[in-house]
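K.L.:
sequence and predicted structure below; questions after.
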Amino acid sequence: MTPTEIRNRVSSLCSVRGFTAAQTPFSFELQPSGQIDQVYRLEMASGSVLGHFNFSEERTDLLTIWIARKYAGWAEDTYLLLQADAETLRAAVIRDGASVSGEYMVPNDGFDLTIQREPGQSFAVLQLVLPVNYEYTLEE
């Protein structure tokens, strides 16, 4: 499996749950403010690598899922929605890796969850970081 394939699988998990991909994978800055609600973006960062024979390796990379939700009334409601989003997406990624695709796994090392709002913005952002372990074959 490749990092791109994992991103594509997680992207489809987000889309199935009603989230829309951001205009760019780098930030929400170019997203029109009227279209910021339930927008996601994904990042993969290299983690640990354990080399094997035949140009294969076992990798544990960090997958970051960002979800933006526009404030709809009380800020506490938005916070609770983002918490629920985190729990749902974490479970979906774990299940997909373990039993649907069987191509990767999320180790029990834990995860990182942050919900924040930047001053002056009309939306809050969830940042969910999951370790993803998979086998990768080096190609030319």
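P.N.:
Sure, I can see it. No experiment lies behind these values; they were computed from the predicted model shown.

K.L.:
for Asp37, what are phi and psi?
P.N.:
phi -70, psi 130 (degrees, to the nearest 10).

K.L.:
which ones are touching it?
P.N.:
Residues near Asp37 by CB atoms under 8 Å, 6 or more residues apart in numbering: 68-70, 72, 123. The C-beta positions use only the backbone N, C-alpha and C, and glycine is treated the same way.

K.L.:
and of those, the nearest to Ser46?
P.N.:
Ala68 (25.1 Å; CB to CB).

K.L.:
strands paired with the lowest-mean-pLDDT helix or strand in the chain, and their directions?
P.N.:
Lowest by mean pLDDT, DSSP states H and E among the helices and strands of the chain is strand 39-51, with a mean of 83. Strand pairing for strand 39-51, using DSSP bridges, gives strand 20-21 (parallel), strand 56-70 (antiparallel).

K.L.:
give the rounded mean pLDDT of stretch 3-14.
P.N.:
For stretch 3-14, the mean pLDDT works out to 94.

K.L.:
and that stretch, what's buried?
P.N.:
3, 6-7, 9-11, 13-14 (16 or more other CB atoms under 10 Å).

K.L.:
so what touches it?
P.N.:
By CB under 8 Å, 6+ apart, stretch 3-14 touches 21, 40, 42, 44, 61, 63, 65, 67, 89, 92-93, 96, 101, 103-104, 132, 134, 136.

K.L.:
can I have the buried ones of those as a PyMOL selection?
P.N.:
To isolate the buried members of the contacts of stretch 3-14 in PyMOL, using 16+ other CB under 10 Å:
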select buried, resi 40+42+44+61+63+65+67+89+92+93+96+104+132+134+136
